[in-house]
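Undergrad: Dropping the sequence and predicted coords here.
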Amino acid sequence: MASYKSILDGLLESVSNIVVGKIRTLKQTFNDSSLNRLPASSDTKLSLLGTKQFQLIANQVEQSMQKLLNEFNQDLEEQYKHQINKQYQRPLTGTNGQECQREQINEEQEKGLVIMFHNRQQNDGETTLKFNNLKDFLYYDSKKVKQVLNLSIEFKSQGMTDNNMEHFMKKFIQFYNIEQLKLNLGCNSLTVIGARQLAGCFTNLNRLSFMDVSLYNNKITWEGIDALMHAFKHLYNLKDLNLDVSCNPIGNKGFVIVSKALPEIRRLRKLWLSAYDIGINDESFKIFNNEFSKLPPLLIAKFDFKVNPFNKKLVSDLQKIIHEKKINNYEILV
C-alpha cells in the first residue's frame, strides 16, 4: 500500500485541480469582464469578483472539496477492508468443494490508493453482467456495481451452502440499481438459514421490475420460503416474476405462503411458478386458487404442479379463474 504521504499529496493535487476547474467554469458562467481578466490558477485574487460572486465560488469549492474527501475516505476504507479480508477472512467454498483462494492485489492497486482515486471516473463499468461462479462475483469491482442494470447469476450445482450465502449477500446488496435479475441457485444445499440470508438481498431493490429466481432442489423449508416471500412483497416495481421452488421440502404450509404473497405484489403482470414435487394437497391448492383470483389480469400465467398429491380435478377451477380474467397466455402442468 502506498505511504500516507503519497496519498495526501495526491489528495492535495486533486483538490487543487478541482479549485482551478471551478474557477474556469465560473469564468464562463458569469462572463464578467473583471473575472475574465483573472488567470486560471489556484492563487487567483478572488477579491475582484465582488462579494456575491466570491461567496458563490467559496460555496461551490467547499462542496467540491467535501465530496472529494468523502470519496477518498470511501476508497481508503475499501482498500483497508480488502487488506484485512485478504489476511484473515476464512476461505470460501466454491465449485466441487474447492476453496476459493483470495486473489492477489493487482498491479494498479499495489501502486497505491492515489491511482484508484484519480481513475475513479474512468471505469464506469457495464450495465449488463453475468457471473458463472462465486469467485468472480465476490471479486467484482465494488465501484462499478452501481452501473449494473441487468444482472445474471448462474450458480446451479456449485456446492452453494448457507456459509457461502453470507458472503454472497454482502456482495449482492451492492447491486441496488438493478432492474432485471436472473438468479439460479438450483441443485445446491441451501437451508432455511441460506434462504433467510438470501431474503436480505432484496431489501433495497426498488427499481427491480423483472426477476427470475430458481431455488430448485435445495433443502429449504416453509420458514425459508416465508422470509423470501416477505421480501418479494416489498419489491414495489416488480412486474415479471419467474419463481422455481420445486423439489424443496416446503410442504403445504410453504405453498400457502407463496399463494398469499402473490396478490400483494401489486404490479405483477407476468407470472411463472414452478412448484414441482413440494407436497401440495387439496386444501392448499384450493387456497392457491382463491388467492390467484385476487390477482389483477395477467398477461402470462404459467404453472408447473407436477408430482404433487392434490386432486387434479381442482385444476379445472383454476382454469375457470384464468378464463374469467381473460388470460390468454397460460399453461398448467400437472
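TA: That came through fine.
Undergrad: can you pull out the strands in the stretch 201-334 of the chain?
TA: In the stretch 201-334 of the chain, the strands defined using DSSP state E, counting those that start in this stretch lie at 210-214, 240-244, 270-274, 300-304, 329-333.
Undergrad: and of those strands, who's closest to Ser152?
TA: Checking these against Ser152 by CB to CB gives strand 210-214 as the closest, at 8.8 Å. For the C-beta atoms, the positions are set from N, CA and C on the backbone; glycine is no exception.
Undergrad: other SSEs contacting that closest one?
TA: On a contact count with 3 or more CB pairs under 8 Å, 6 or more residues apart in numbering; DSSP states H and E, strand 210-214 meets strand 180-184, strand 240-244.
Undergrad: Is it possible to get those out as a markdown table so that each row also shows distance to Phe210 and mean neighbour count?
TA: What follows is the helices and strands packed on strand 210-214, written out as a markdown table (distance: least, CB to CB, whole Å; neighbours: other CB atoms under 10 Å):
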| stretch | distance to Phe210 | mean neighbour count |
| --- | --- | --- |
| strand 180-184 | 4 | 19 |
| strand 240-244 | 4 | 19 |
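Undergrad: Turn those strands into CSV, columns for distance to Ile327.
TA: Output for those, formatted as CSV (distance: least, CB to CB, whole Å):
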stretch, distance to Ile327
strand 180-184, 23
strand 240-244, 14
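Undergrad: what's the next secondary structure element after the least confident helix or strand in the chain by mean pLDDT?
TA: When each helix and strand of the chain is scored by mean pLDDT, DSSP states H and E, helix 113-118 comes last, with a mean of 33. The C-terminal neighbour of helix 113-118 among helices and strands, as given by DSSP states H and E, is strand 128-131.
Undergrad: that older thread, any chance of the strands of the stretch 201-334 of the chain in a markdown table, plus mean pLDDT and distance to Glu179?
TA: Output for the strands of the stretch 201-334 of the chain, formatted as a markdown table (pLDDT from 0 to 100; distance: least, CB to CB, whole Å):
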| stretch | mean pLDDT | distance to Glu179 |
| --- | --- | --- |
| strand 210-214 | 98 | 7 |
| strand 240-244 | 99 | 11 |
| strand 270-274 | 98 | 15 |
| strand 300-304 | 98 | 19 |
| strand 329-333 | 98 | 23 |
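Undergrad: Need those strands in CSV (columns: distance to Thr161).
TA: CSV is the format used below for the strands of the stretch 201-334 of the chain (distance: least, CB to CB, whole Å):
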stretch, distance to Thr161
strand 210-214, 17
strand 240-244, 19
strand 270-274, 23
strand 300-304, 26
strand 329-333, 30
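Undergrad: Figure out which of the ones you listed is closest to Asn281.
TA: Asn281 lies closest to strand 300-304 among the strands of the stretch 201-334 of the chain, at 16.2 Å (CB to CB).
Undergrad: ok, residues contacting that closest one?
TA: For strand 300-304, contacts defined as CB atoms under 8 Å, 6 or more residues apart in numbering pick out 246, 269-276, 318, 322, 327, 329-333.
Undergrad: Nearest spatial neighbour of Phe131, chain-adjacent residues omitted?
TA: Counting by CB to CB, 6 or more residues apart in numbering, the nearest residue to Phe131 once its immediate chain neighbours are dropped is Phe137, at 4.2 Å.
Undergrad: Are we agreed that that neighbour is in a strand?
TA: No: under DSSP: H, G, I helix; E, B strand; the rest coil, Phe137 sits outside any strand and is assigned helix.
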